[in-house]
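Chemist: pasting the sequence and the predicted coordinates here, then a few questions.
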Amino acid sequence: MKTILTGMLLLVMAPAAHANSVPGVPSFVVECPGKLLVQADQDGPVLINSKEAETKAINDRRFEAKGSGVTLSIILADDDSVTVSSTGKAPNGLCQSVDD
């Protein structure tokens, strides 16, 4: 009985765990104006200061992420470089890549 309940719980929780995974989101780490650290793994999620943002695909090369009072525009160029810009409560502007 305990095994069945555990299995059912995992099935119910699985979609929630991948709710903000968006196929095509590139992997990147940038700092945006207002000292916002933004990072994403391939196919999401996007994190703004370590908090998961609500992310959606505009098309296969453009994405939007909202959270922490800002909206991020994420653009994947033809050469696979990533450009991220922010608008919202922090100063608006272009985000800069963070070197590892």
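Modeler: Thanks, I have it. Numbering: from 1, shown residues only.

Chemist: tell me which element A90 is part of?
Modeler: Take DSSP states H and E as the rule and A90 turns out to sit in neither a helix nor a strand.

Chemist: what sits against it?
Modeler: A90 makes contacts with 32-36, 69-70, as judged by CB atoms under 8 Å, 6 or more residues apart in numbering. C-beta here means a position set from N, CA and C on the backbone, and glycine is covered the same way.

Chemist: now N49. Its backbone dihedrals?
Modeler: Per-residue torsions, N49: phi 50, psi 50 (degrees, to the nearest 10).

Chemist: distance of it relative to V70?
Modeler: The gap separating N49 from V70 is 10 Å, by CB to CB, to the nearest Å.

Chemist: in this structure G93 contacts C32, no?
Modeler: Yes. Under the criterion of CB atoms under 8 Å, G93 makes contact with C32 at 7.1 Å.

Chemist: where do the contact lists of the two overlap?
Modeler: When CB under 8 Å, 6+ apart defines a contact, the residues bordering G93 and C32 alike are 85-86.

Chemist: between these two, who's got more neighbours?
Modeler: The neighbour count for G93 versus C32, taken as other CB atoms under 10 Å, is higher for C32 (24 against 12).

Chemist: confidence score at that one?
Modeler: Confidence at C32, expressed as pLDDT, is 96.

Chemist: so what pairs up with it in the strands?
Modeler: When bridges are called by DSSP bridges, C32 pairs up with L36.

Chemist: measure it to I74 for me?
Modeler: According to CB to CB, C32 stands 11 Å off from I74.

Chemist: since that was my last question, I'll sign off now.
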